[in-house]
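*Asks:* Give me coordinates for this.
(one chain, ligands or ions: 1)
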Amino acid sequence: MAPETAARIKVALRVSPLSDKPQQLALSLHPSTTPEFVFARVFRRLGIRRSVPDFHIEYKPFSSLRSNINLTGNRAKVRISDILQEAPPLVLEALAELLLTQLFRRQASVEARECYLAYIFEPAVRRQIDEARRKRGRIRLLSPQGRHFDLEKIFASVNERFFKQELSCNRIGWSVGRSRTVLGHYDPAHKTITISRSLDSPSVPGDVVEYLVFHEMLHIRFPLERRGIRRVVHSRAFREAEKSYPHYRSVRDRLKRIFSE
Ligand SMILES: [Zn+2]
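*Replies:* Sure, this is the predicted structure:
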């Protein structure tokens, strides 16, 4: 039977290597605050006009921080990333609110959002997320040798010309799909660069592909910055360095033209 309603919260974090000291959480779950109890309480508090669903909560070893809820009849099945198993009751309550408001198309409170975000951005939690991704995640990637361009060769050449051969990554390759919106991506947990296969074409100039590899390599050089809970992917230093690419404007313009066709 297909679920009646489903809501998913997926928070994918791309985090740089961490140097922060580990943090210990002193709070423990009181016996009466089982996850099922917490979900039922939050449900009642939201004032949703229907009977309280029968909550079943499971912690799953997902490869990312993700949680979802499925409602079938009166049975609500909640699957939560096991990374959140040690989270204090307040965080679980916030998550319950986020999932339930999504499921019943309501607005979650700012407090719930902030509480959840503050927790998942704690260094110790981030480390666990990173770890889970490294161990459980899997990156689908094609060989760097495409039909028209060899990404490994391009990486080596860019590394030599712009980075004094100082940068390294574990893998570089073409994406499985041919996305025309996500042209390149760097995953710091796996140290992997992916370039969209839509660029492996004779109609794409070599320096356009090279520029994209250069851009992703700058992500290795300038890791993600954080301002509070905001993530700065392209810092000012990143943007400045990017402009040093020969004929930067013209390459960007041509790239835009190729993908606006
Ligand atoms: Zn970027």
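*Asks:* Quick check: R113 touching T101?
*Replies:* No - using CB atoms under 8 Å, R113 is not in contact with T101, being 9.9 Å away. For glycine as for every other residue, the C-beta is placed from the backbone atoms N, C-alpha and C.
*Asks:* so where's the protein uncertain?
*Replies:* Residues of the chain meeting the criterion pLDDT under 70: 1-32, 261.
*Asks:* Which residue is most remote from the mean position of it?
*Replies:* S51 (34.9 Å; CA atoms, centre = their mean).
*Asks:* how near is the residue nearest to it when sequence neighbours are not counted to T101?
*Replies:* With sequence-adjacent residues excluded and distances taken as CB to CB, 6 or more residues apart in numbering, S51 is closest to N74, at 6.4 Å. In this view, N74 and T101 are 19 Å apart by CB to CB, to the nearest Å.
*Asks:* With neighbour numbers in mind, choose between the two.
*Replies:* A side-by-side neighbour count of N74 and T101, using other CB atoms under 10 Å, places T101 first with 19 against 10.
*Asks:* I'd assumed the more buried one was in a strand, is it?
*Replies:* No - T101 is assigned helix when assessed by DSSP: H, G, I helix; E, B strand; the rest coil, not a strand.
*Asks:* pretty sure it contacts L46?
*Replies:* Yes - checked against CB under 8 Å, the pair T101 and L46 is within contact range at 6.9 Å.
*Asks:* Please identify the buried residues of stretch 233-248?
*Replies:* Buried positions in stretch 233-248, judged by neighbour count with 16 or more other CB atoms under 10 Å: 238, 241-242, 245.
*Asks:* Stretch 198-206 now?
*Replies:* Buried residues in stretch 198-206 (16+ other CB under 10 Å): 198-200, 204.
*Asks:* ends of that stretch, how far apart?
*Replies:* From its first residue to its last, stretch 198-206 covers 13 Å (CA to CA, to the nearest Å).
*Asks:* Name the residues that touch it?
*Replies:* For stretch 198-206, the surrounding residues in contact (CB atoms under 8 Å, 6 or more residues apart in numbering) are 146-149, 174, 178-180, 183, 208-209, 212, 254, 258.
*Asks:* how close does E225 get to H219?
*Replies:* For E225 relative to H219 (CB to CB), the value is 12 Å.
*Asks:* More neighbours: the two, which one.
*Replies:* With neighbours defined as other CB under 10 Å, E225 and H219 compare such that H219 has more, 22 against 15.
*Asks:* if I pick the nearest residue to that one once chain neighbours are set aside, what's in contact with it?
*Replies:* Computed as CB to CB, 6+ apart, the closest residue to H219 that is not its neighbour in sequence is Y186, at 3.9 Å. Shown in contact with Y186 (CB under 8 Å, 6+ apart): 169, 192-194, 216-217, 219-220.
*Asks:* Can I take it that Y186 is in a helix?
*Replies:* No - using three-state DSSP, the secondary structure at Y186 is strand, not a helix.
*Asks:* Quick check: beta-bridge partners of it?
*Replies:* When assigned by DSSP bridges, Y186 has beta-bridge partners I193.
*Asks:* So it versus P223, what's the distance?
*Replies:* If you measure Y186 against P223 using CB to CB, the figure is 10 Å.
*Asks:* Likewise for E210?
*Replies:* From E210 over to P223 (counting by CB to CB), the distance is 22 Å.
*Asks:* neighbour-wise, which of these two wins?
*Replies:* In this view E210 and P223 are compared by other CB under 10 Å, and E210 has more residues nearby, 21 against 15.
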